[in-house]
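Asks: no sequence on this one, just coordinates:
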């Protein structure tokens, strides 16, 4: 059976973040084909420049699909020919609505099932789950209509936006699907639907499993507690407070 990979990032990853080398290590081709889907953002040129910084044309074959300004390429043909589809951050609800109008949700499911690696941060991670937390409508709120390739829910920007963690805990306590929470600069690698690894840009950025315990109380457990050390990549030694995200390259919002 073909291995199916998704890398879900909490957000804030700059172009030189080690998570992108991790994603590239999942690709077998000598010059992998990489397609950006910038649907969640309006600043498409900036997103494309970012893609080219992360996956340069001398080592990759990058392209992008702008669903707001479609050309005559067949969407299914383009997506299924890729080694990696990367989804930028922005507005999760808008992304999902536009994908469904164009049939992109079904195409991405087919691509994942055929072995195309899927990755993205913030809204570009929310989309792969059944549910998520989002500021798509202004105030932070639950969203229950993700593509659903991965079971449960996802919460990006977990420790970095003050309302994310308490809202997620309240939602899970009230019956919202349990799931995965990622701080900025942390990411989780799923193989099929199982967690295969965690990538963090420094020790203070973590990923968690958040669920109701047997007593009905919400439990938050670092994923590192459930994985072998070989599955945890934490190459930086700076404290989180010393890391500054460049707003020109961070695609924020979810």
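Replies: All right, it came through fine. Everything quoted here is computed from the prediction, not taken from an experiment.
Asks: quick one, what contacts residue 130?
Replies: 144, 146, 148, 150, 151, 152, 153, 177 (Cβ atoms under 8 Å, 6 or more residues apart in numbering). To be clear about C-beta, it is placed using only N, CA and C from the backbone, and glycine gets the same treatment.
Asks: likewise for residue 172?
Replies: Residues near residue 172 by Cβ under 8 Å, 6+ apart: 153, 178, 179, 210, 211, 212, 218.
Asks: if you set the cut-off to 6 Å instead, what comes out?
Replies: Going by Cβ atoms under 6 Å, 6 or more residues apart in numbering, residue 172 touches 178, 210, 218.
Asks: number of nearby residues for residue 29?
Replies: The tally of other residues near residue 29 (other Cβ atoms under 10 Å) stands at 12.
Asks: picking that back up, any idea which of the contacts of residue 172 is closest to residue 165?
Replies: Proximity of those to residue 165, judged by Cβ to Cβ, is greatest for residue 210, which lies at 8.8 Å.
Asks: which strands and helices sit next to the helix or strand harbouring that closest one?
Replies: Using DSSP states H and E, residue 210 maps to strand 207-212. When contacts are defined as 3 or more Cβ pairs under 6 Å, 6 or more residues apart in numbering; DSSP states H and E, strand 207-212 packs onto strand 179-182, strand 218-222.
Asks: return the distance of it from the chain's centre.
Replies: On the basis of Cα atoms, centre = their mean, to the nearest Å, strand 207-212 sits 17 Å off its chain's mean C-alpha point.
Asks: stretch 28-43 now?
Replies: Put simply, stretch 28-43 sits 13 Å off its chain's centre (Cα atoms, centre = their mean).
Asks: for it, how far is the first residue from the last?
Replies: One end of stretch 28-43 to the other measures 31 Å (Cα to Cα, to the nearest Å).
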